[in-house]
Every structure is written in C-alpha cells, then in structure tokens.
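1. Sequence below, structure please.
(2 chains)
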Amino acid sequence: MLAIDGTETSIKSFLRTLSPVDQVGAESRAAMLGTRSIKTTSKLWAIDTAISMIDLTTLEGADTPGKVKAICTKAVRPDPLDATVPHVGAVCVYNDMVRIAREHLDNNGGKSIPVAAVSTAFPSGRASLEVKKRDTEDAIANGATEIDMVIDRGAFLSGNLAKVFAEIVCIKEICGERAHLKVILETGELVTYDNVRKASFLAMAAGADFIKTSTGKVTPAATTPVVLVMLEAVRDYFQLTGKRIGVKPAGGIRTTKDAIKQLVLVNETAGPEWLNPELFRIGASALLNDLLMQRMKMHHGQYSGRNYVTLD
Amino acid sequence: MKFEYAPAPESTAIVDIQSDYNLFIDGKFVPSKGGKRFATMNPANEQVLAKVTQGTAADVDRAVKAATNAYKKTWSKLPGADRGKYLFRIARILQERAREFAVLESMDNGKPIRETRDTDIPLAAAHFFYHAGWADKLEHAGLGANPKAHGVVGQIIPWNFPLLMLAWKIAPALATGNTVVLKPAETTPLTALLFAEVCQQAELPNGVVNIVTGDGATGSALVNHPGIQKIAFTGSTEVGKLIARSVVGTKKALTLELGGKGANIVFEDAPIDETVEGIINGIYFNQGHVCCAGSRLLVQENIKDELIEKLKRRMSMIRVGDPLDKNTDLGAINSKAQLTKIQELAQSGDTEGAERWSPECQLPEKGFWFPPTFFTGVSQSHRIAREEIFGPVLSVITFRTPSEAIEKANNTPYGLSAGIWTDKGSRILWSAQQLKAGVIWANTFNKFDPASPFGGYKESGWGREGGRHGLAAYLKGDM
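-> Okay, here's the model as predicted:
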C-alpha cells in the first residue's frame, strides 16, 4: 500500500517517487492511438458501449425541473423508437436537481440508473470545507449515489497538498457506502501532465473511486493526452495496490469519433478490464445524439439527420 | 469487455501494378539489353506482384550515357530556381499520389500501411520540398562561393524504406545539379518504378533520373562504371566495404550510410511510460528493419524490473499481421533471406544463454513473420549485442552508472544512432557529448526531418544526408 498518512511530508515524498511525464511523448502516443480505424462490427460495439458509459449531464444556471426530467427520460430510453439501445451510465446534475432526477427516473423505468451530483462548490471549489461537506450531505440525502467533487486547485498549485488530500478524505467519509466518489482534477487548470499524474495519485490515495478530468467549465478539458496520463495512473495504481479506480473524461467529447478514440485509449492503456461503466464513464450531453445518429446509420445504411433524434 | 478491432484493410484498388516492368532510361521505359526478368513478391503473402528487369552492364552503360548527356545538355545549364521548380513539382505529385505510393510500398515491402501513410511517404515528399528550396541558394550553403555539381551520381538504395531512401538520394542530387542513375533494392523496386512515372508526369528533362532495377551485379556494374563521378550507397556495412574497395584509386566521390547497433539508454529518472513507447518505436518500428534502430536497450539496473514489466505489457498490445490493415503495428519481414538471418541470430541468443521473450501472437501462415522479441541477460560479448540483426529483436543490457552506460554504448564497431532517456537536461547534454553516434535522440527515437543531417561514425558510414551537411556530399566546393 501507499505510505501516505495525510501529512504534507508523506504526500510529497510519495509523489516524488512518481515517474515524470514527457509532454511530447505523451501527446504523440495519444495521437497515434487516435489513428486506430474502428469499423463495422467493432464500431457498433463501441457505440453501444459508449452509450452505456455516458454520464448524461446538464449543468446550467438555466436548468429547470422540466429540462432535468427530459434528460432523465432520454437516459432511460435514448432512442424512443429502438428499445435495443442501452440506457446511459448515469444522469449528472446540480445538487438541487437531484431529487427531481431521482424521482423521475424511478417513475419512468430508470431505477437502475444512478444520479450523480456535482458537489463541493462545483465548479470552482472555492468555499469552506463546511460548505463542501453540507453540499455533499445534501446531495446524498436527496438521492445522489454518485458524488462528483472538485479538488481545490488553488491549494494544489500553491503546494498545499495536504489540504487537497484532507478534503478528499473528508468527502469520501461522508460518501461512505452510500455514494461513489468521483474526484474532478480540472486538468485544464493544472496544465502540465506531471501535475495531472500527481493529482491523479493524490486523489486515488485519498479514496477516490473515480478520477475525472474536468468540470466542463474550463477549456481545455478531456484531451486525449490528459486521459492517457490518467489511464496510465489508474493502471499503475492497480499494480501498486490491487485496486481498480475508474476514469471519467468530461468536456469536449461531442462526436462518435471522439468517444471511440476514448475507448481505444482505455483498451490499449489501462486495458480491457476498464471497458465497462463501473470503471469508465464519459461526461457528456451532445455526444449521445451523435452516437444515436451513427448507430442509426450503421443499422439502416443512411443518415436520418438531427430531427430523427430527440433534442431535450 | 473485449474490444476487438474488426479488419480495416486499405483498398488496393488505387494501385495499378503492371505484370512486367522495363528499365527507366532517358525518360522512357525501355527493354533491357539481355537482362532477364525476376519476380518481386508481397512478403506478407508470398504472392508475386510483378516481374522486373535484371539490369545488365550494358543497361547501366546506357543509363550512365543518358545521365551524362542530360547533365551536359540540359541540367547543368538550368538556373537553380528552375531545378527547384521541378523538385517542387515532384514533391506535390508525391503528395497528390500519396495513398497510391503508401499502398504500393506496403505491398512490396511488407511494412504496415500506417507507417507508409504517416511516415514514409510524407517524409519522402518533405525531402523534395526541403531540397527544392536549396536549389537556388547553394552559394549560401557555406560550401564556397560557387559550389559545383559532381555530374553523374550512381545511387544504390536498400529495401527498408524504398521510396524514402530514394528521396534522400535523388532530392539533394537534383537540387545540387547532378543527374542520377539509381538502383533500387532487388526485393522492393516497385515504388521506384512508380517514381519514374512521377518524373514523366513532372516533365523532368529526359535522362536526369534513370532507374535501373536489378541485384548486386547491377549495383556492381554501376559502382564500377567509369562515367560515374560519385557513388552514394545505403545498405549493409559488408557491401559498403566492397564498394569502398572498388572506388579506391578512382576519382569517384563516395558516401556510405551503413549498419548500426544503436543504444537506447534509459536512466533511472526517465519518464517511464514515454520511454517504453520510445523503446517500442526504436526497435519495432518498420519490423526493426532500420539502420538506426535502438536495438540495444541499456537500462540502469535499479529500474530494470519495472521497465521490463511495462515493456512486456506494452508489447502484448502490438498488433502483428496484415500490413494493409490500418490497425497493424508490425508487418511482415521483407524477405525469406532476412527472416533466416533474424532467426539465426535469435538462435545464437538462445544458445549463448540470453533469455528470449515474445508476447503471445498469432502469426499468419503465409509470408515471412517474426514476433516482436527481446532478450534479457545479454552481455556485451553476445552476438546479439554486437551484430546488427535488422529485425524486431531487442537486446537488453544493464548498467550501473552513467559512465558505464556511455562506455557500453560506444563499445561497438558501429556509430549511427543513440537515444537518451532522462528527465535531467544536463545529463542529456553530457551524454550526447560522450556518445560516438551520428544521430542522438533525447526522450524520443526514430524521428526524422529533412533539415537534420543523418549519418554515422566508424563502420556506420561516411558523410551525411539531409540538411546543409547533406548538400556537401553532392557538391564540389571551391574553398
């Protein structure tokens, strides 16, 4: 196991043992994997797999109960005309929409679909720990079984790693057995791949069940090299501890092609064990319709266009 | 869940392979004087692709005469800017016909389409673009105020990067005002013959480029022809020595780009995942048929186990098979003869006591195949640590200190390439200073650019190709 007891010294000395990441090398590996050609049967498989991994997300100031109910309906039955389409991995909403989402899913055949809540003063994370704890407790009380927390990037960048660590530990304690914890690194603000690798290990050691790239509110978000580095981190963490941590890229994955690239990255980096919704999720909203349009084309041989998928 | 990649073969409809090929002399395809035909095959399935001509001494003579005539009457009289126009034209045609070249190269050579598409063909075009720019600026190349072409150059190229090696040879020769007689390798003549069509399409003056196919006998006729002013050869050290012997005592200029046994040196602070990619790229790129391959992995002993574990894991992801499948990483060995050589050297590794490892992989039944392989427990005195294998076989050697790494890296008759993997900039500079190798990569491997000179120390060759230094090989300075 990892020799981290939560003190600044123990965290820093552990993170120092991590291998550095070469930027040019990581980017060229990710680009190379992006050239994999996924066609015919493997494309069909990848589309359905990607659908089942989507955390269908709406995180807007303008979210209303109506909007949230609409995406919940879509989550259960992505294509109203085709019952063979799998349901999505989860629905991801703001805290105050959790109950509405949970009830609507329960009443519309989506009992098995978890509701994920963004938490800890999402997206900036700029609030006191007390507020972050309340935020999380409230989400769980309202029926969230997945918590997407943000790390304190300011603390991370200023070197106050113990604070980042302690917050994750604290939120994990609140989640307990009731909710899965996804830790958002906001890689667009960490900037370097070395930071991404360090933050990944920090989050995993503190108890994350998933590490997630981004809030979706900052660009760049889930670029392929960032996801590559995080997949390498979960793979190495498994070697070290025997524990598999999930990965969730979020933000900027809009097309079927993007999604398939992500699956190829998973397959050839962390390995096929990670190719299931328990260990890999894609945070997205527009992506689902593109996957559905590609799926229709694969089955019927022609594009039907955007008016043949539902806009919610 | 298992993610199976369905076959994604590149279509061969784009290439139009003739059943028989003549020689390209003086701008036309002409039959040989007395030369027989021989077959060139697809090494991935052993199917004959076409019959090409065994060029005779009489054919070589005709080609040299055509090149001499072209040099005297047209090419040497053209201003540099006009030579540049032809080179630009060739570069653009190569780009336009890139897919055709990529498919044909993959079929004739056995290398994966991903590599011909993303590396061989784009780099070949880049070499023409780069040298096109030099054609009217030679007086600024630092080779004297008025550097002169040699005249007719004889060029002999290998089978590992057929079109790319052709570009490395022809582009600087033409830019500097020479005319060319080129002999492609016996097992991979087809893209050179397609390039002959490109010369016609570009309306290059007749005789400026002549292509004579054939085996070593044809090459020997070319080397020994008195009408040649300069020889450029890329290939084995063994043949390079023969050529050097036959050129001695003549006025012919000579550049040689020969074998190598490159050391890829991994220090304990290396970025490990990218290092693993670099090792893979260093030795399994192009089936290891690379003169500058990182065929010796020198790893600091205290990280050896971790690195080998990661390497094994990564190697089990290498996709071996149909070179035309867009997802193939490792293609076919170019010929039966080369396969036999690789097998024989790998065998010597076993008998000398090194430990062989390959991932499980299903090799096709037809064709010539060798799985990605490494040997651990290799010492400097093993044959697999000293001889060039020219195949997907890596020898892993450990070291304890930086100076030991350098000592072992330099302890070879070759001196073509080396790689340094460390997060420490000062160590990169220090190592590069100590290493006797023509090309040294830091935290990367097998990266090429026409602006960067390439060539070796010691038995790896004479002279440089590419960049400003490469121009010197094709010019007589008047300093």
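2. Report the contact partners of the residue in the stretch 101-250 of chain A positioned nearest to chain B.
-> Of all residues in the stretch 101-250 of chain A, A:E232 sits closest to chain B, at 5.2 Å by C-beta to the nearest C-beta. The C-beta positions use only the backbone N, C-alpha and C, and glycine is treated the same way. For A:E232, the contact set (C-beta atoms under 8 Å, 6 or more residues apart in numbering or on different chains) comprises A:R197, A:T269, A:A270, B:D273.
3. And A:K198, which helix or strand is it part of?
-> Assigned by DSSP states H and E, A:K198 belongs to helix A:193-206.
4. Narrow the contacts of A:E232 to those in helices?
-> Mapping the contacts of A:E232 onto helices (DSSP state H) picks out A:R197, A:T269, B:D273.
5. need these in TSV with distance to B:S295 and pLDDT, can you?
-> Listed next are those as TSV, based on distance: C-beta to C-beta, whole Å; pLDDT from 0 to 100:
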residue	distance to B:S295	pLDDT
A:R197	30	98
A:T269	26	98
B:D273	21	98
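6. how about those in JSON lines, adding neighbour count and distance to A:A222?
-> Formatted as JSON lines, the ones in helices among the contacts of A:E232 follow (neighbours: other C-beta atoms under 10 Å in any protein chain shown; distance: C-beta to C-beta, whole Å):
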{"residue": "A:R197", "neighbour count": "24", "distance to A:A222": "16"}
{"residue": "A:T269", "neighbour count": "24", "distance to A:A222": "14"}
{"residue": "B:D273", "neighbour count": "25", "distance to A:A222": "19"}
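7. What residues sit buried inside stretch A:189-200?
-> A:E189, A:L190, A:Y193, A:D194, A:N195, A:V196, A:R197, A:K198, A:A199, A:S200 (16 or more other C-beta atoms under 10 Å in any protein chain shown).
8. and what of stretch A:38-57?
-> A:38-39, A:42-47, A:49-57.
9. which of those residues are close to chain B?
-> Restricting those to those near chain B by C-beta under 8 Å from any C-beta of the partner chain leaves A:I38, A:K39, A:S42, A:K43, A:W45, A:A46, A:T49.
10. Spell out which parts of chain A neighbour chain B.
-> A:19-22, A:24-26, A:28-29, A:35-43, A:45-46, A:49, A:232, A:263-264, A:267-268, A:272, A:275-276.
11. Kindly recompute the last result at 6 Å.
-> A:19-22, A:25, A:29, A:36-37, A:39-42, A:232, A:267-268, A:272, A:275-276 (C-beta under 6 Å from any C-beta of the partner chain).
12. related to what we said a few turns ago, distance from the helix holding A:K198 to the middle of the chain?
-> 15 Å (C-alpha atoms, centre = their mean, to the nearest Å).
13. Stretch B:172-187 too?
-> The answer for stretch B:172-187 is 14 Å, by C-alpha atoms, centre = their mean.
14. which residues touch the residue of chain B found nearest chain A?
-> At 2.9 Å from chain A, B:E274 is the closest residue in chain B, using C-beta to the nearest C-beta. With contact taken as C-beta atoms under 6 Å, 6 or more residues apart in numbering or on different chains, B:E274 is in contact with A:D22, A:G25.
15. do the same with A:V309
-> A:N289, A:L292, A:M293.
16. Before we go further, the last one is sitting in a helix, right?
-> Yep, that's A:M293 we're talking about. Yes. A:M293 sits within a helix when classified using DSSP: H, G, I helix; E, B strand; the rest coil.
17. how far away is the nearest residue to it once chain neighbours are set aside from chain B?
-> Nearest residue to A:M293, sequence neighbours excluded (C-beta to C-beta, 6 or more residues apart in numbering or on different chains): A:V309, at 5.8 Å. As judged by C-beta to the nearest C-beta, to the nearest Å, A:V309 and chain B stand 25 Å apart.
18. picking up where we left off before, let me know the closest of the ones next to chain B among the buried residues of stretch A:38-57 to chain B.
-> For these, the nearest to chain B is A:S42 (4.2 Å; C-beta to the nearest C-beta).
19. tell me the SS of the closest one?
-> helix.
20. Settle this for me: it is touching B:Y5, isn't it.
-> Yes. The criterion here is C-beta atoms under 6 Å, and A:S42 meets it with B:Y5 at 5.3 Å.
21. Quick check: of the buried residues of stretch A:189-200, which lies closest to B:F445?
-> Nearest to B:F445 among those, counting by C-beta to C-beta, is A:Y193 at 19.2 Å.
22. Go ahead and confirm the closest one touches A:V227.
-> No. Counting by C-beta under 6 Å, A:Y193 does not reach A:V227; the two are 11.1 Å apart.
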